[in-house]
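Visitor: No sequence on hand, only this structure:
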């Protein structure tokens with residue numbers, strides 16, 4: 001096989017649409033990249049198999065599960081399947097090394113740690129955590145596994161940082177299924193936002209950042225926002241359009257009644273155009289991205305109906321024929337509106353991470369049923385994705401970062 005026929009080079013050529021000369025040395029760079037990570041695998045056989053799996057994930061295979069990867073490398077399938085599904089190597093050590101590498105490459109004190117759940121449709125309920133639950137990929141309740149992912153997004157680019165499988169309550173309390181899928185005793189039921197906190201606590205010390213962002217699955221949890229405030233972390237989190245708010249900007253004089261509770265979308269529609277600011281938040285595929293945004297300080301109610309503390313509401317609306325609207329809550333009192341909008345814009349970086357992972361390195365291509373197998377597979381996939389991100393940056397790929405938000 002010539003160098004330009006190597007699967008990693010072919011994958012890069014197909015994706016980046018660059019000349020053959022641009023990918024000369026790809027195999028050498030992959031080998032150099034792996035030298036940093038191979039010591040995290042205990043035995044020589046594991047290190048060889050790690051290279052086989054990474055090369056397979058970077059190949060042009062249509063289905064990047066263990067069996068076709070093994071056949072591509074001319075190896076028996078069972079050792080490869082066992083390595084990914086039940087191998088005795090420490091995936092957390094590999095992820096810790098990846099985070100350190102990301103920090104050295106993308107470190108930015110204004111970076112954004114972004115949380116996002118991602119679903120993987122499954123047939124049957126034998127796979128660890130598989131159950132009928134909301135499947136974002138299909139847009140409906142369906143049988144699937146759900147993972148919580150953490151990404152790092154800066155003006156320099158983005159990278160994956162961590163992952164954990166969500167274990168539904170019924171699974172967590174089922175001793176037989178736990179035993180069959182080798183769920184560690186220490187793993188208990190946790191809502192996705194509590195898993196998110198765990199990932200932040202584990203990754204936060206490794207990378208500098210200024211913000212935590214996430215979609216409304218995290219923003220709607222008042223306990224999550226309170227935990228971030230207790231940790232002294234600045235956040236901008238989406239909340240559902242039916243979130244009940246009290247606009248403290250309308251607070252009347254002492255002795256008079258407080259303003260009424262209103263749905264946040266109804267409140268936003270009632271605001272005069274003079275309250276909206278037009279902002280440019282960086283270049284997009286079709287030119288500068290322009291939004292309108294307004295802000296106020298509000299109170300919300302938690303899941304039990306109790307009134308919470310004061311938070312900053314920022315509503316962001318795209319300027320387009322089919323506009324999108326995001327309702328966000330933040331605790332940032334030291335950042336002007338354009339800075340909050342810019343930080344929120346970085347949230348979409350994790351969507352690019354997951355889309356690239358599923359489309360390019362087979363993030364959703366796996367057949368393991370155990371807790372260990374899921375985390376081994378995700379670790380190897382995210383490692384392959386990180387290599388591709390570095391290669392695209394070297395070849396001058398699109399920078400997903402933002403130039404900053406400014407008034408239009």
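Guide: Sure, I can see it. Model, not experiment: these values are computed from the prediction.
Visitor: need the helices for the stretch 101-250 of the chain, in chain order.
Guide: 169-172, 175-180, 192-203, 216-219, 222-230 (DSSP state H, counting those that start in this stretch).
Visitor: Going by contacts, tell me the helices and strands next to the lengthiest helix in the chain.
Guide: In the chain, taking DSSP state H as the definition, the longest helix is helix 371-394. Contact partners of helix 371-394 among helices and strands, from 3 or more C-beta pairs under 8 Å, 6 or more residues apart in numbering; DSSP states H and E: helix 7-16, helix 26-35, helix 44-57, helix 77-86, helix 91-106, strand 140-154, strand 157-165, helix 349-360. Every residue, glycine included, has its C-beta placed from N, CA and C.
Visitor: list the buried ones in it?
Guide: 371-392 (16 or more other C-beta atoms under 10 Å).
Visitor: and what of stretch 37-49?
Guide: Quick answer for stretch 37-49 (16+ other C-beta under 10 Å): 37-38, 40-41, 46-49.
Visitor: Tell me which two of those sit farthest apart.
Guide: The largest distance within the buried residues of stretch 37-49, taken as C-beta to C-beta, falls between 40 and 48 and amounts to 14.0 Å.
Visitor: thinking again about what came up before, now the buried residues of stretch 37-49 in a markdown table, please, with extra columns for distance to residue 324 and pLDDT.
Guide: Converted to a markdown table, those look like this (distance: C-beta to C-beta, whole Å; pLDDT from 0 to 100):
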| residue | distance to residue 324 | pLDDT |
| --- | --- | --- |
| 37 | 39 | 97 |
| 38 | 44 | 96 |
| 40 | 41 | 95 |
| 41 | 44 | 95 |
| 46 | 46 | 96 |
| 47 | 46 | 96 |
| 48 | 47 | 96 |
| 49 | 44 | 96 |
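Visitor: would CSV of these with distance to residue 292 be doable?
Guide: Shown next, in CSV, are the buried residues of stretch 37-49 (distance: C-beta to C-beta, whole Å):
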residue, distance to residue 292
37, 45
38, 50
40, 47
41, 51
46, 53
47, 53
48, 55
49, 53
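Visitor: Tell me the secondary structure of residue 305, please.
Guide: Three-state call for residue 305 (DSSP: H, G, I helix; E, B strand; the rest coil): coil.
Visitor: And for the one 4 residues further on?
Guide: State at residue 309, reduced to three classes by three-state DSSP: strand.
Visitor: residues contacting the residue nearest to residue 369 when sequence neighbours are not counted?
Guide: In space, and not counting its chain neighbours, residue 369 is closest to residue 127: 4.5 Å by C-beta to C-beta, 6 or more residues apart in numbering. By C-beta atoms under 8 Å, 6 or more residues apart in numbering, the residues touching residue 127 are 145, 181, 368-369, 374.
Visitor: Likewise for residue 294?
Guide: 268, 271, 275-277, 314-315.
Visitor: ok so, going back, can you say which of the helices of the stretch 101-250 of the chain is packed in most?
Guide: helix 216-219 (a mean of 22; mean count of other C-beta atoms under 10 Å).
Visitor: Could I get the average pLDDT for stretch 138-147?
Guide: For stretch 138-147, mean pLDDT rounds to 90.
Visitor: Buried residues, that stretch. List them.
Guide: Buried, per 16+ other C-beta under 10 Å, within stretch 138-147: 142-147.
Visitor: contacting residues around it?
Guide: With C-beta under 8 Å, 6+ apart, stretch 138-147 has contacts from 117-125, 127-135, 137, 163-166, 192, 374, 378.
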